[in-house]
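Trainee: Pasting the sequence and the predicted coordinates here, then a few questions.
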Amino acid sequence: MKQISHVLQSSVFILFTLCSPLQAETTKPTTEVGMYGFLNVINGTSQLGNVTSDLDISFKDLLENLDIGFMGFVQHRKGKWSFIGDLFYADISTGGNLASSPILTLSVDATIKQTWAAGFVGYEVYEQKSGDTKLTVDVIGGVRYNNLDVELGANAAGLGLVTSASRNRDENWVDGIIGLRGSYDFGNGWAASGWLDAGKGNDSSSYQIMATTSYTFANNIKVYGGYRAYNMKYSTDAGPRFFEIDATYSGPILGASYKF
């Protein structure tokens, strides 16, 4: 926990060092809620005990085997301060026969549940206006919680006999996060934004890159699209219970939100 504490202390120090005293509010607070689809592929490696597996999962594979998924965010902005929450959850199951003959059938089923939930505090450290356009830069700090639940099941049937076995691994960890967010408002409903953060935990590390273009209608409904990449590294234990994963989720992101 010391590394997480150090990251969080650094985040708070950066926020309050760069922030000038709050001025009188000239705009009313706003809250934005939205949902999005992360059309990602997964690449990387994982190791359980002495067995190493390559992760190479296409978006088509994810779509075909997704049981349930939810992705959403909420942001509250008051003056130069912003408070952001982001949630990603996916439940994927797959299975099939590895071998089949008149006397033996071997099948394997797998269920993977992936969750990450993040909370951030941001402060606007730079603003430049020119006519109807505006450029802003925020410093952000926070935490990101990860949970990975993997369950493997195998069944063998032959000569009237059926045997089965299962194995489960449930891991969770927390990274302290620091980063930057930039936004450019074109003044005609269109806007572009970018996000970069990096995190560190006791046995983990992560980074995230995101770039989007959005359009806001007169009724405060916004639609947006862009690209997102999230990398996580985590390892724990030793010997037969050793577990390690290094995975990158990357691909297009599409969503909609409402501001009030």
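Mentor: Yep, it's here.
Trainee: so where's the stretch 51-200 of the chain shaky on pLDDT?
Mentor: Residue ranges of the stretch 51-200 of the chain with pLDDT under 70: 51, 93-111, 151-168.
Trainee: Which residue ranges of it form strands?
Mentor: Counting by DSSP state E, counting those that start in this stretch, the stretch 51-200 of the chain has these strands, from start to end: 51-57, 66-78, 81-100, 105-130, 133-158, 161-185, 190-200.
Trainee: And the ones you listed: which comes nearest Tyr36?
Mentor: strand 66-78 (5.2 Å; CB to CB). In short, each C-beta sits where N, CA and C put it, glycine included.
Trainee: so what strands line up beside that closest one?
Mentor: strand 30-38 (antiparallel), strand 81-100 (antiparallel) (DSSP bridges).
Trainee: Reformat those as TSV; add distance to Asn65 and mean neighbour count.
Mentor: Shown next, in TSV, are these (distance: least, CB to CB, whole Å; neighbours: other CB atoms under 10 Å):
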stretch	distance to Asn65	mean neighbour count
strand 30-38	16	16
strand 81-100	4	15
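Trainee: need these in a markdown table with distance to Ile178, can you?
Mentor: Converted to a markdown table, the strands paired with strand 66-78 look like this (distance: least, CB to CB, whole Å):
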| stretch | distance to Ile178 |
| --- | --- |
| strand 30-38 | 22 |
| strand 81-100 | 14 |
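Trainee: between those, which gets nearest to Ser214?
Mentor: strand 30-38 (10.2 Å).
Trainee: List the contacts of that closest one.
Mentor: The contact list for strand 30-38, computed with CB atoms under 8 Å, 6 or more residues apart in numbering, reads 70-77, 88, 222, 224, 228, 249, 251, 253-260.
Trainee: Go through the very next helix or strand once past it and flag the buried ones.
Mentor: Next helix or strand after strand 30-38 toward the C-terminus (DSSP states H and E): strand 41-48. Using 16 or more other CB atoms under 10 Å as the test for burial, strand 41-48 gives 41-44, 46, 48.
Trainee: Then stretch 61-76?
Mentor: 62, 65, 71, 73, 75.
Trainee: Please name the bridge partners of Phe243.
Mentor: Beta-bridge pairing for Phe243 (DSSP bridges): Leu48, Thr236.
Trainee: Show the contacting residues for it.
Mentor: Listed by CB under 8 Å, 6+ apart, the contact partners of Phe243 are 46-48, 169, 171, 234-237.
Trainee: Any chance of those in a markdown table with distance to Ile84 as columns?
Mentor: Below are the contacts of Phe243 laid out as a markdown table (distance: CB to CB, whole Å):
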| residue | distance to Ile84 |
| --- | --- |
| Ser46 | 29 |
| Gln47 | 33 |
| Leu48 | 34 |
| Arg169 | 30 |
| Glu171 | 25 |
| Tyr234 | 23 |
| Ser235 | 28 |
| Thr236 | 28 |
| Asp237 | 33 |
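Trainee: out of those, who's nearest Leu180?
Mentor: Nearest to Leu180, judged by CB to CB, of the contacts of Phe243 is Tyr234 at 24.0 Å.
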